[in-house]
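>>> curious how this folds, go ahead:
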Amino acid sequence: MFILVNTGWTDGKYGVGRRISLHYTRQMINQAISGKLKDIEYKKDSTFDLSIPIEIEDVPKTILDPVNAWSDEDKYREQAQNLINRFEENFKKFGSEVEHIAKKGAFNK
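Residues are numbered from 1 along each chain as shown. Below is the predicted model of the structure:
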């Protein structure tokens, strides 16, 4: 199991949103290390094809799913698409060497 934890911004891009609480970040990391996240329910993210926890003990559900963590869903989708575009552009530098990676997640949509 590979776990990606957002320790940065939520509810807007840098300078607009707010930092994710260090307390919540610690809760997510501690539960990942302890193995507790292996036995919880997940849902698929429609943008990046990631598995998102439905609930993590002592962490607000609103910050687990990025689309719900932003007060403006359209702005979230705009920033998400911008990130996808930047990844795709960056991957072009590597040509066929990373083709198997580029076919995963948002790159395959």
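>>> so where is this protein shaky, pLDDT-wise?
Applying pLDDT under 70 to the chain flags residues 102, 104-109.
>>> most residues in a single helix of it, which one?
Of all segments of type helix in the chain, defined using DSSP state H, the longest is helix 73-91.
>>> so what secondary structure elements neighbour that one?
Helices and strands touching helix 73-91, as assessed by 3 or more CB pairs under 8 Å, 6 or more residues apart in numbering; DSSP states H and E, comprise helix 66-69, helix 99-102. C-beta: built from backbone N, CA, C; applies to glycine.
>>> determine which of those approaches residue 31 most closely.
helix 66-69 (18.2 Å; CB to CB).
>>> buried residues, that closest one. List them.
By 16 or more other CB atoms under 10 Å, the buried positions in helix 66-69 come out as 66, 68, 69.
>>> just give the nearest non-adjacent residue to residue 54, would you?
Of all residues not flanking residue 54 in the chain, residue 41 sits nearest, at 4.5 Å (CB to CB, 6 or more residues apart in numbering).
>>> if I look at the one you found, how far off is residue 56?
Using CB to CB, to the nearest Å, one gets 11 Å for the distance from residue 41 to residue 56.
>>> reformat the helices and strands packed on helix 73-91 as CSV; add distance to residue 17.
Formatted as CSV, the helices and strands packed on helix 73-91 follow (distance: least, CB to CB, whole Å):
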stretch, distance to residue 17
helix 66-69, 8
helix 99-102, 28
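>>> nearest to residue 88, of these?
helix 99-102 (7.6 Å).
>>> gap between the closest one and the chain center?
Mean C-alpha position of helix 99-102 versus that of the full chain (CA atoms, centre = their mean, to the nearest Å) differs by 19 Å.
>>> can I get it in CSV, CA atoms only?
Taking C-alpha atoms only, helix 99-102 is exported to CSV below (Å, rounded to 0.1, in the frame of the first residue of the first chain):
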residue,chain,number,x,y,z
GLU,A,99,5.0,5.5,-20.8
HIS,A,100,3.9,2.9,-18.3
ILE,A,101,3.5,5.6,-15.6
ALA,A,102,1.8,8.0,-18.0
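>>> okay then, goodbye and thanks.
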